[in-house]
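Asks: Generate a structure from the sequence data that follows.
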Amino acid sequence: MFIRKENLKISHQTMDAETAMRQIGQILVDANSVQPTYIENMLSSYKEFGPYFVIAPGVAIAHAKPDDSVITNDIALMICHSPVNFQSHNDPVTLLFGLCATGAHQHMEVLTKVAILLSDSDAINDITEAENETALYELLNTLADKT
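Replies: Residues are numbered from 1 along each chain as shown. Modelled structure (predicted):
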C-alpha cells in the first residue's frame, strides 16, 4: 500500500487552509518522513504560488519541492468532513493529501499512483465516506490492488 495506516486521518474539525496544511504536514512529521520545516515550506509555496495543488474538484495534494527537510518519500491523507477552502476553482477540498519526496522523480511516482486512484469517481465517494481510519486503510488497499 502506498499510504500507511498511521498516515490517515479523518477530521470533522472546521479548518482554514493554513490549519489544514499544518495538520497534513504534521502527519508526515509524526511519521518521521519530514522535519517540521517542511510544513513551513508547504505554506510558503501556497502563499507564493496559490492553490496550484488543488488538482481536481475536492482534491488537493499539498507539498513542497524536495529539499533537506525531507527524510524519506511518503504520503498522507486527511478526509475533511468539514471541507476546506483554498481559494481555488476546485474548492472546497474534502480529500487532502500530503506528499513529500526526496527528488522530483519520486514525486512523480506517488502522484501517478494518486491520479490512478482518483480517476474513479466511485472510489472518491467511497474514500470520502469511510467511517474510520481502519476502514479507510482497508478500502485504499482494496482500491490499490485494482490499479
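
Asks: lowest-confidence helix or strand of the chain?
Replies: When each helix and strand of the chain is scored by mean pLDDT, DSSP states H and E, helix 104-118 comes last, with a mean of 75.

Asks: From the contact counts, what lies against it?
Replies: The contact analysis (3 or more C-beta pairs under 8 Å, 6 or more residues apart in numbering; DSSP states H and E) places helix 104-118 against strand 59-63, strand 93-100, helix 133-146. No exception for glycine: its C-beta is placed from N, CA and C like everyone else's.

Asks: rank those by mean pLDDT and give me the bottom one.
Replies: Of all these, the minimum mean pLDDT falls on helix 133-146 (a mean of 84).

Asks: Can you pull out the residues in contact with it?
Replies: 1-3, 5, 8-10, 77, 79, 113, 117, 120, 123, 126-127, 130 (C-beta atoms under 8 Å, 6 or more residues apart in numbering).

Asks: can you pick the most crowded of the residues you listed?
Replies: Ranked by neighbour count (other C-beta atoms under 10 Å), these have Leu77 at the top, with 25 neighbours.

Asks: so who does that residue touch?
Replies: 3, 7-9, 95-98, 136, 140.

Asks: in what helix or strand does it lie?
Replies: strand 74-84 (DSSP states H and E).

Asks: Any buried residues in that strand, and which?
Replies: 74-80, 83-84 (16 or more other C-beta atoms under 10 Å).

Asks: picking that back up, among the contacts of helix 133-146, which ones are in strands?
Replies: Residues of the contacts of helix 133-146 located in strands (DSSP state E): 8-10, 77, 79.

Asks: what about the residue nearest the centre of the chain, distance to Leu43?
Replies: By C-alpha atoms, centre = their mean, the mean C-alpha position of the chain lies nearest to Phe97, the distance being 0.6 Å. Going from Phe97 to Leu43 by C-beta to C-beta, to the nearest Å gives 16 Å.

Asks: just Asn7 next, same as before
Replies: 19 Å.

Asks: quick one: contacts of stretch 20-33?
Replies: Contacts for stretch 20-33 (C-beta under 8 Å, 6+ apart): 4, 6-7, 9, 11, 15, 34-36, 38-39, 42-43, 46, 62, 70-74, 76, 78, 80, 84, 93, 96-98, 100.
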